[in-house]
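[1] turn this into a structure:
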Amino acid sequence: MDEGCLSRFFCILLECKELLIAKQKYKVFSWLLFDFANTSFSVMMVTFTFPLYFKNVICNGSPSGDALWGFSVSLSMLLVALVSPVLGAAADYSGKRKRFLLFFTLTSIIATALLSFSAQGMAIIAALLFMMANMGFEGGLVFYDAYLKELASDKSVGRVSGYGFAMGYLGALSILLLVKPLLRDGIVLANASNVQMSFLISAIFFALFAAPLFLVLRDEKKENRSAISVTALVQSIREVKHTIQHILHYRDLARFLLAYFFYNDAIITIIAFSSIYAQNTLGFTTGELILFFMLVQTTAIVGSLLFGFITDKIGPKRTIVITLMIWIVVVCAAIFANSKELFFSTGMLAGISMGSSQAASRAMMTRLTPREHLAEFFGFYDGSFGKASAVVGPVVFGLVSSYAGSQKIALASLLLFFIIGLIVMTNVRSVYSEPVHQP
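    Below is the predicted model:
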């Protein structure tokens, strides 16, 4: 081979490498955009606008609105917890993970758009639509998170996970800025039409920025295996049964999931009740709530980016331990906060710990999960453990608040969840090891 041919050969190799790198960057960016898209649903429909609209407008301020809202959140989470492992295994078996993600995403978007027609006196219909929307959102995360191991190396998984959550919080901040003029007159009956319009905008926002993922990412090819079929279902159940029987053999994974169950329980409960707590306990106005959540999302972006690098530097375990200590400080500060100014500062600290703990947890799960069981194990992570914890937390918070007559005492009860999670987490090794088989 002459020098000219050799030179052209190396040029072709270089061009192929650059194309592969560019292609991978497009995949990562489309994955990040999905986080940008779906967090708009989380902040609008779960954390801020819809909870207050459901209580103040749809239920006309009735105390039963709190009970129905809590039941809707818990039941939707419970249903996702039950089906996620089976569907995750089906996705692994069929290799058609993207189709499952598309189904759940469309379910969430369509149900959110339909909620723009919800009005006073439509409590049951609105609750059912919200459960569909939340199941679509939470169920989709199982398949979305499972892509992380394919898109990032072990050395960069913390950063990429952090970028994802940072993009998510940027999306939440963007949707708040977009709908802020519609909510200027409050989340009340007199402003119902504007609030309803904000739900429709959220659905469009979700659909628009989620679309690139489905155009760029591809499913792996597995010989003519249907996504939903009797064979796939039977195989999925077998896989789940196998996982349940042997999950304890992955000792560090099992310990991490147990720790995650407790501390994520507390985090989700704080997110779900933050707007109600701020309004009922501290008397926040709608304008102050918007500003509060914008500050929280901004600091969450900083936390996700900063701790993404820290995770790659010191490992996800140490990062999670640090963030759990921050969460304990946040809860204690919120309990003793008697002024809006102090609660604003506490919220900013919560934003930093929220973004960092979620990003580090996803990186930890990715590190401990065997590649051949990505969607299935993430089904347990995002489904059985993550969603089941969202069932327990709101119930405990609601019962303590009801019997004690104080939301601050209810908030204090969450300290127990963080402490248990911290203790269990200290016994987890942050490297993947082969399953330990019992003799």
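[2] and L399, what element?
    Assigned by DSSP states H and E, L399 belongs to helix 386-404.
[3] brain fart, F199
    helix 192-216.
[4] which parts of that helix are buried?
    Neighbour counts over helix 192-216 (16 or more other C-beta atoms under 10 Å) mark 192, 194-196, 198-203, 205-207, 209-210, 212-213 as buried. (C-beta placed from N, C-alpha, C; glycine too.)
[5] also stretch 26-45?
    Those would be 27-28, 30-45, for stretch 26-45 by 16+ other C-beta under 10 Å.
[6] mind checking pLDDT for K25?
    Note on K25: pLDDT of 74.
[7] quick one: which helix or strand includes it?
    Counting by DSSP H and E, the element that carries K25 is helix 3-41.
[8] if we can go back for a sec, and the helix holding L399, what does it pack against?
    Using 3 or more C-beta pairs under 8 Å, 6 or more residues apart in numbering; DSSP states H and E, the elements in contact with helix 386-404 are helix 64-94, helix 251-282, helix 407-425.
[9] now the angle from the last one to helix 386-404?
    An angle of 140 degrees separates the directions of helix 407-425 and helix 386-404 when computed by axes from the mean of the first three to the mean of the last three C-alpha atoms, to 10 degrees.
[10] please save the CA atoms from helix 407-425 in PDB.
    Presented in PDB, the C-alpha positions along helix 407-425 are these (Å, rounded to 0.1, in the frame of the first residue of the first chain):
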ATOM      1  CA  GLN A 407     -47.700  20.800  59.000                       C
ATOM      2  CA  LYS A 408     -44.400  21.500  60.800                       C
ATOM      3  CA  ILE A 409     -44.700  18.400  62.900                       C
ATOM      4  CA  ALA A 410     -45.500  16.400  59.700                       C
ATOM      5  CA  LEU A 411     -42.400  17.900  58.100                       C
ATOM      6  CA  ALA A 412     -40.400  16.800  61.100                       C
ATOM      7  CA  SER A 413     -41.500  13.200  60.600                       C
ATOM      8  CA  LEU A 414     -39.600  13.100  57.300                       C
ATOM      9  CA  LEU A 415     -36.300  13.400  59.200                       C
ATOM     10  CA  LEU A 416     -36.700   9.800  60.100                       C
ATOM     11  CA  PHE A 417     -36.800   8.800  56.500                       C
ATOM     12  CA  PHE A 418     -33.600  10.800  55.700                       C
ATOM     13  CA  ILE A 419     -31.700   9.400  58.700                       C
ATOM     14  CA  ILE A 420     -32.600   5.800  57.800                       C
ATOM     15  CA  GLY A 421     -31.600   6.300  54.200                       C
ATOM     16  CA  LEU A 422     -28.300   7.800  55.300                       C
ATOM     17  CA  ILE A 423     -27.500   4.900  57.600                       C
ATOM     18  CA  VAL A 424     -28.300   2.300  55.000                       C
ATOM     19  CA  MET A 425     -26.400   4.200  52.300                       C
END
